[in-house]
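# Fold the following for me, if possible:
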Amino acid sequence: MSHTTLPPGFLWGAATSAYQIEGATQADGRGVSIWDTFCSTPGKVLGGHSGEQACRHYFRYAEDVGIMRELGLDSYRFSLAWPRLMPDGRGKLNSKGLDFYKRLVGLLLESEIRPMATLYHWDLPQALQDKGGWANIDTAKRFADYCFAVFEELADVVPMWITINEPAVIAVLGHMSGEMAPGHRDAREGLIVAHHLLLAHGMAVRAFRDSSGRKRAAGADASQPVKGIGIALSINHQEPATDDARDISAAKRADGFWNRLYLDPLFRGHYPEDILEPLAQAGVLPDALAKPRPEEMQMIGQETDFLGINYYTRNQVVWDPADRLLNASAVAPRPPVTAMGWEVYPEGLFKVLKRVSDDYTKIPLFITENGAAFDDSLPPDGAIIDDGSRIDYLSSHVSAARRVCECGVNLKGYYVWSLMDNFEWAQGYSKRFGLVHVDFQTQQRTLKRSALWYRDFITSQR
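Here you go, the predicted model:
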């Protein structure tokens, strides 16, 4: 990739989330999260694992920022733990939790690494879940209060903010299939949750504009890195598995359910009617989506400064009458696949970015997550972990990013998922996405060959 194909100020980064790396779940007044509860429920997480220890980043953050410096990262995307900052989900900020994030941000800035902070990456305070969680619209209001308090403390030092990470995953895997916290299995509730998450995003954007954060969004120009606030959507490229009209229809429904149910209200001011119809026929469509209040849609559709896109793979979809919601299901992925069983398909990243730019918005885009899990292990002789499959994955997706920039898409940055091996949600510690290997017993960090490749690649871009 040459300099001429990238916009000025393009950021090369890596990403993590609080519950997956911080550990210290009972330190310094942190409250209980829904993931603490989910992990303590037998049978929910592989191996009975939890994020109680994770990578102990809460205590080892200085070492981890040193690794970021060694890799030459332009930017680091991380999340703030709502239960660490507001143990009960409301009230004043916990000073010890706030001090931790101030120290982290301060060290990042000293290291000339640009912070991108995510306000919600799935770790809802259990106290709010006990009152209905995201199915209760009051949680969206509490989220706005939390965001405003955080902005007042950190907006002068954190230039980029993500409101909510992957609302589709929260709604579907957390509330429909039960695979993730809080582990509910109610399709109608999941759709209500989707609406409330989008509403919470809009309220957070409003809080940002009303707080001192509005000063950070002002004055940005094309020659400087983007400032301000956005949301991160998980967008899987959905394709029909064949040319059969039924498969084409099924793929359109899958796209509507996973992608357009979020893109359309954010950028077009309404929910996609073609997906509402099958949901109504299945008897799960709530009034919040069928008859949304105009003021709520206006709140959801407020202008943001950028959009984050998380991309990992594609789904090839066939017509499936056994699926009562969409009459659609994904077929087995084609090799090569990652340790998660996900197809390696970089062309999907190109298509997703081009589609969002052509059909929805010209605001700056960031690839806020892209990466792959493979079965990495430390060689017994102390040799470097030669994760060539990860290098191939990243290299091919970076090439897709270059191509999309050449097509005029307003792409401003790329963040590898993940900086280091971590707690991989319901998969526990069985899946490794990191550029850096973590021995979860000793907490030793070891750079994989992919980390060295990324370091050298970033250097070549300067």
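# count of residues packed around residue 48?
As a burial measure, residue 48 scores 12 neighbours (other CB atoms under 10 Å). Using the backbone N, CA and C atoms, a C-beta is placed for each residue, glycine as well.
# For it, give me phi and psi.
Reported as degrees, to the nearest 10, the phi and psi values for residue 48 are phi 70, psi 20.
# cool, and residue 417?
Torsion angles at residue 417 (phi, psi; degrees, to the nearest 10) stand at phi -100, psi 110.
# which residues sit in contact with residue 128?
88-90, 136, 139, 142 (CB atoms under 8 Å, 6 or more residues apart in numbering).
# Next, format those residues as a markdown table and append distance to residue 100, neighbour count and secondary structure.
Compiled in a markdown table, those are given as follows (distance: CB to CB, whole Å; neighbours: other CB atoms under 10 Å; DSSP: H, G, I helix; E, B strand; the rest coil):
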| residue | distance to residue 100 | neighbour count | secondary structure |
| --- | --- | --- | --- |
| 88 | 18 | 15 | coil |
| 89 | 18 | 25 | coil |
| 90 | 20 | 16 | coil |
| 136 | 29 | 16 | coil |
| 139 | 24 | 23 | helix |
| 142 | 21 | 23 | helix |
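# ok, residue 22 to residue 236 distance?
Here residue 22 is placed at a distance of 28 Å from residue 236 (CB to CB, to the nearest Å).
# Could you do residue 90 as well?
Counting by CB to CB, the gap between residue 90 and residue 236 amounts to 34 Å.
# Name the nearest of the contacts of residue 128 relative to residue 335.
Taking CB to CB as the measure, residue 139 is the one of the contacts of residue 128 closest to residue 335, at 41.6 Å.
# which SSE is the closest residue to that closest one other than its chain neighbours in?
Closest residue in space to residue 139, ignoring its immediate chain neighbours: residue 128 at 5.2 Å, by CB to CB, 6 or more residues apart in numbering. Assigned by DSSP states H and E, residue 128 falls within helix 126-129.
# Might you quantify the distance of that helix from its chain's geometric centre?
When C-alpha coordinates are averaged (CA atoms, centre = their mean, to the nearest Å), helix 126-129 and its chain have centres 21 Å apart.
# How about stretch 332-348, which residues are buried there?
333, 338-339, 342-346, 348 (16 or more other CB atoms under 10 Å).
# Equivalent analysis for stretch 317-334, please.
317-320, 323, 325-330, 333.
# Stretch 55-71 too?
By neighbour count on 16+ other CB under 10 Å, the buried set for stretch 55-71 is 55-58, 60-61, 64-65, 67-68, 71.
# Tabulate those residues (JSON lines), appending distance to residue 440.
As requested, these are arranged in JSON lines below (distance: CB to CB, whole Å):
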{"residue": "55", "distance to residue 440": "8"}
{"residue": "56", "distance to residue 440": "9"}
{"residue": "57", "distance to residue 440": "12"}
{"residue": "58", "distance to residue 440": "15"}
{"residue": "60", "distance to residue 440": "13"}
{"residue": "61", "distance to residue 440": "17"}
{"residue": "64", "distance to residue 440": "15"}
{"residue": "65", "distance to residue 440": "20"}
{"residue": "67", "distance to residue 440": "16"}
{"residue": "68", "distance to residue 440": "20"}
{"residue": "71", "distance to residue 440": "21"}
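# May I see the residues you listed arranged in CSV, with secondary structure and distance to residue 81 as well?
Output for the buried residues of stretch 55-71, formatted as CSV (DSSP: H, G, I helix; E, B strand; the rest coil; distance: CB to CB, whole Å):
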residue, secondary structure, distance to residue 81
55, coil, 14
56, coil, 14
57, helix, 11
58, helix, 9
60, helix, 16
61, helix, 13
64, helix, 16
65, helix, 18
67, helix, 21
68, helix, 19
71, helix, 24
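# helices and strands of this protein: which one has the lowest mean pLDDT?
None of the helices or strands of the chain scores lower by mean pLDDT, DSSP states H and E than helix 214-217, at a mean of 49.
# tally of neighbours for the closest residue to residue 58 other than its chain neighbours?
Closest residue in space to residue 58, ignoring its immediate chain neighbours: residue 24 at 3.7 Å, by CB to CB, 6+ apart. Residues lying near residue 24 (other CB under 10 Å) number 19.
# Hmm, residue 24 is touching residue 51, no?
No. Using CB atoms under 8 Å, residue 24 and residue 51 do not qualify as a contacting pair, with a distance of 9.6 Å.
# And the residue nearest to residue 58, what's its pLDDT?
The confidence metric pLDDT takes the value 98 at residue 24.
# how about it, what does it touch?
The contact partners of residue 24, taken as CB under 8 Å, 6+ apart, are 30, 56, 58-59.
# hey, where'd the strands end up in the protein?
Applying DSSP state E to the chain gives strands spanning 11-15, 75-79, 114-120, 160-165, 228-234, 237-240, 307-310, 314-319, 328-330, 365-370, 411-417, 436-438, 445-447.
# Only the buried residues of stretch 371-387, if you could.
For stretch 371-387, a neighbour-count test (16+ other CB under 10 Å) marks 371-374, 376, 385, 387 as buried.
# can I get those in a markdown table with distance to residue 80 and pLDDT?
Converted to a markdown table, the buried residues of stretch 371-387 look like this (distance: CB to CB, whole Å; pLDDT from 0 to 100):
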| residue | distance to residue 80 | pLDDT |
| --- | --- | --- |
| 371 | 21 | 98 |
| 372 | 26 | 98 |
| 373 | 25 | 98 |
| 374 | 29 | 98 |
| 376 | 28 | 93 |
| 385 | 30 | 97 |
| 387 | 30 | 98 |
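# And the furthest pair within those residues?
371 and 385 (15.1 Å).
# Residue 416 bridge partners, please.
residue 14, residue 370 (DSSP bridges).
# Find me the pLDDT at the spatially most central residue of the chain, would you?
By CA atoms, centre = their mean, the chain has its centre lying nearest to residue 165, at 3.9 Å. According to the predicted model, the pLDDT of residue 165 comes to 98.
# again with residue 326
Model confidence at residue 326, given as pLDDT, is 95.
# what sits against it?
Residue 326 sits next to 250, 253-254, 257, 278 when contact means CB under 8 Å, 6+ apart.
# what's the offset of stretch 342-349 from the middle of its chain?
Centre-to-centre, stretch 342-349 and its host chain are 17 Å apart (CA atoms, centre = their mean).
# looking at this protein, which residue lies furthest from center?
residue 381 (36.0 Å).
# still on that earlier bit, is it possible to export the buried residues of stretch 55-71 to a markdown table including pLDDT and distance to residue 11?
Below are the buried residues of stretch 55-71 laid out as a markdown table (pLDDT from 0 to 100; distance: CB to CB, whole Å):
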| residue | pLDDT | distance to residue 11 |
| --- | --- | --- |
| 55 | 98 | 23 |
| 56 | 98 | 27 |
| 57 | 98 | 21 |
| 58 | 98 | 25 |
| 60 | 98 | 24 |
| 61 | 98 | 20 |
| 64 | 98 | 18 |
| 65 | 98 | 16 |
| 67 | 98 | 18 |
| 68 | 98 | 13 |
| 71 | 98 | 13 |
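# burial measure for residue 281, as a count.
Using other CB under 10 Å, residue 281 has 12 neighbouring residues.
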